[in-house]
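>>> Here is a sequence with its predicted model. Questions after.
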Amino acid sequence: MKNQLLSFLATSLLLSSTTFADWGNWRGPTKDGISTAKNLPDTWSDTENIIWKYELPAAGSSTPAIIGDKIFLTVEADNGVQLLCISTAGKKLWQQQICETKKGGNKNGEKTNASPSPSADKDRVYVMTGTGEVAAYDHTGKKQWSFNAQEKYGKFRLGFGYHVTPVLHEGKLYLQLINTNYQIVVAVDGKSGQELWKVDRPSDGVAECFHSYASPTAINYESTNVIITHGHDYTIGHDPETGKELWRIGDLNAKDKYNRTLRFVASPVAHKNLVVAPSAKNRGVAGVDYTKAKGFIADGGKAETWRIYKGTPDVPSPIIYKDLVYLCRENGVGICLDAKTGEKYYEDRVYPQTYRANPVAANDRIFFTARDGTVSVIKAGKKLEILAKNKLSDQITASPAISNNRLYLRGYNTLYCIGKK
């Protein structure tokens, strides 16, 4: 009996650690960019602390999804969007073509039909492409279901293509389709691919504000379960079971100084009871207690915790870590705010470059990833302390992934596995 109990406890601990080690969503297991890893290196280079490298067939910006010993990654190459499965030992296991495209591959990794990141759970990997193809595969590469969102709901009308990653939450895939032609949110059953619900997402926005390039997120915290969509001037919370609108954050594009080109690109983040909603083009950021939110939340409204009026990151999403909010602006300026009050602790340049990737956090470190392949490792805290600036000979616009004390960086040429040897 004692041996059986010990075996059960050991198995439970293994399953628990495996689950936490996975990076099944674009922003990690809790969809907030935070990892529980404790043993990542602070420094690396093309030769230092590189466990392995895998040469990629084309440039791209989608983030890998990692479940157990499998890494799932999308690329646009050979006139199609491909789903690659690579082992955590750096060996290709299989490759499937998701859809055909007119491009043979694109050296500009920001402009491909493989920009949405895959998501995965223990049974399936889910993908969406810029052509509108939505599909699920099992872990051996066998297609489980597929449909085309443009054929089903209407043609996308966007200035810079479709780049939105659906959010996988509690066995369902949630699609945010916000463009000039229509604005809807759709829930899809992960097992069957069947539509569970579809709701309109109304807004009084105009012109280019219809074009959202931000991705939705989700959180289930202290009995508050919510899907959060972002675009067309508002951040909106939805009931995961019905799609019903629960609340919306307004004044992200204030009517008295309205910008008709304020396309949302940076995505919101939710952690514990706080959702942080960025806007665009150096405008404001709102912090709202979504567990208390109801109806319309204007500037200074009920449930708003704080709001700043400039400094929003234009592309990288915020991150909330240990009661602090970190913003990585597209020019390399880092901003640190108090998560409870919005008080600014610092605003300073970390490393001058262009930034597209989202920050991630682990082991009291924040990682800012620049497009030129430089990752700045920042000590978490109210003072800016840069521990290292690590340069790889590659361009990087994909967000990092962390699994089993390994940092995975998807460059234009190479997938890097970084860890302490």
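It's in. No experiment lies behind these values; they were computed from the predicted model shown.
>>> Residue 282 versus the closest residue to residue 335 other than its chain neighbours, what's the distance?
Counting by Cβ to Cβ, 6 or more residues apart in numbering, residue 335 lies nearest to residue 327, which is 4.1 Å off, once chain neighbours are set aside. All C-beta atoms are positioned from the backbone trio N, CA, C, and that covers glycine. To residue 282, residue 327 is 11 Å away according to Cβ to Cβ, to the nearest Å.
>>> can you list residues touching both of the two?
Shared contacts of residue 327 and residue 282, defined by Cβ atoms under 8 Å, 6 or more residues apart in numbering, comprise 311-312.
>>> more crowded one of these two?
Taking neighbours as other Cβ atoms under 10 Å, residue 327 and residue 282 compare with residue 327 leading, 24 against 14.
>>> where in the stretch 101-250 of the chain is pLDDT low?
By pLDDT under 70, the weakly predicted segments of the stretch 101-250 of the chain are 103-107.
>>> And the strands in it?
119-120, 124-128, 133-138, 143-148, 167-169, 172-178, 183-189, 195-200, 217-221, 224-231, 234-238, 245-249 (DSSP state E, counting those that start in this stretch).
>>> Tell me which of the ones you listed sits nearest to residue 72.
strand 124-128 (4.6 Å; Cβ to Cβ).
>>> unless I'm mixing things up, the residue nearest to residue 335 is touching residue 312, no?
Yes: between residue 327 and residue 312 there is a contact under Cβ atoms under 8 Å: 7.1 Å.
>>> okay, and the common contacts of these two?
278, 285.
>>> List just the one of the strands of the stretch 101-250 of the chain that sits closest to residue 82.
strand 124-128 (10.0 Å).
>>> just the angle between that closest one and strand 172-178, please?
Angle, strand 124-128 to strand 172-178, by axes from the mean of the first three to the mean of the last three Cα atoms, to 10 degrees: 10 degrees.
>>> Could you give me the buried positions within strand 124-128?
Buried residues in strand 124-128, defined by neighbour count with 16 or more other Cβ atoms under 10 Å: 124-128.
>>> Can you tell me what sits against it?
Under Cβ under 8 Å, 6+ apart, the answer for strand 124-128 is 65, 67, 72, 74, 81, 83, 85, 98, 116, 118-120, 133-139, 144, 149, 164-166, 168, 173, 175, 190-191.
>>> One more pass at 6 Å, please.
Contact with strand 124-128 is made by 72, 74, 83, 98, 116, 118-119, 134-138, 144, 166, 168, 173, as judged by Cβ atoms under 6 Å, 6 or more residues apart in numbering.
>>> Now do it and strand 143-148, the angle between them.
Put simply, strand 124-128 runs at 20 degrees to strand 143-148, going by the same axes, to 10 degrees.
>>> got the angle for strand 124-128 vs strand 133-138?
With the same axes, to 10 degrees applied, the angle from strand 124-128 to strand 133-138 works out at 170 degrees.
>>> Just the C-alpha atoms of strand 124-128, please, in PDB.
Written as PDB, here are the backbone C-alpha positions of strand 124-128 (Å, rounded to 0.1, in the frame of the first residue of the first chain):
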ATOM      1  CA  ARG A 124      -4.400  18.400 -30.400                       C
ATOM      2  CA  VAL A 125      -2.600  21.300 -31.900                       C
ATOM      3  CA  TYR A 126      -4.800  24.100 -33.300                       C
ATOM      4  CA  VAL A 127      -3.800  26.500 -36.100                       C
ATOM      5  CA  MET A 128      -5.200  29.500 -38.000                       C
END
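>>> Using the three-state scheme, assign the nearest residue to residue 133 once chain neighbours are set aside.
Nearest residue to residue 133 in three dimensions, chain neighbours excluded: residue 99, at 4.2 Å (Cβ to Cβ, 6+ apart). Secondary structure for residue 99, judged by DSSP: H, G, I helix; E, B strand; the rest coil, is strand.
>>> I'd like the numbering to begin with 538 instead of 1 from here.
All set: I'll call the first residue 538, so the last point we hit is now residue 636.
>>> Let me have the strands of the stretch 638-787 of the chain in a markdown table, adding distance to residue 596 as columns.
Converted to a markdown table, the strands of the stretch 638-787 of the chain look like this (distance: least, Cβ to Cβ, whole Å):
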| stretch | distance to residue 596 |
| --- | --- |
| strand 656-657 | 21 |
| strand 661-665 | 18 |
| strand 670-675 | 20 |
| strand 680-685 | 25 |
| strand 704-706 | 25 |
| strand 709-715 | 25 |
| strand 720-726 | 29 |
| strand 732-737 | 33 |
| strand 754-758 | 26 |
| strand 761-768 | 26 |
| strand 771-775 | 31 |
| strand 782-786 | 35 |
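>>> Ok, which of those comes nearest residue 839?
Taking those one by one with Cβ to Cβ, strand 782-786 is closest: 10.1 Å.
>>> Parallel or antiparallel, which strands does the closest one pair with?
In the sheet, strand 782-786 lines up against strand 771-775 (antiparallel), strand 832-834 (parallel) (DSSP bridges).
>>> what number of residues lie near the closest residue to residue 783 other than its chain neighbours?
The shortest distance from residue 783 to any non-neighbouring residue, by Cβ to Cβ, 6+ apart, is to residue 774 (4.4 Å). Close neighbours of residue 774, defined as other Cβ under 10 Å, add up to 27.
>>> same check, this time on the one 5 residues further on
A count of nearby residues for residue 779, using other Cβ under 10 Å, gives 11.
>>> ok, back up a step: so which of the strands paired with strand 782-786 has the densest surroundings on average?
Mean neighbour count (mean count of other Cβ atoms under 10 Å) peaks for strand 771-775 among the strands paired with strand 782-786, with a mean of 26.
>>> circling back to that earlier point, relative to residue 750, which of the buried residues of strand 661-665 is nearest.
residue 665 (13.5 Å).
>>> can I assume residue 819 is in contact with residue 847?
Yes: counting by Cβ atoms under 6 Å, residue 819 does reach residue 847; the two are 5.5 Å apart.
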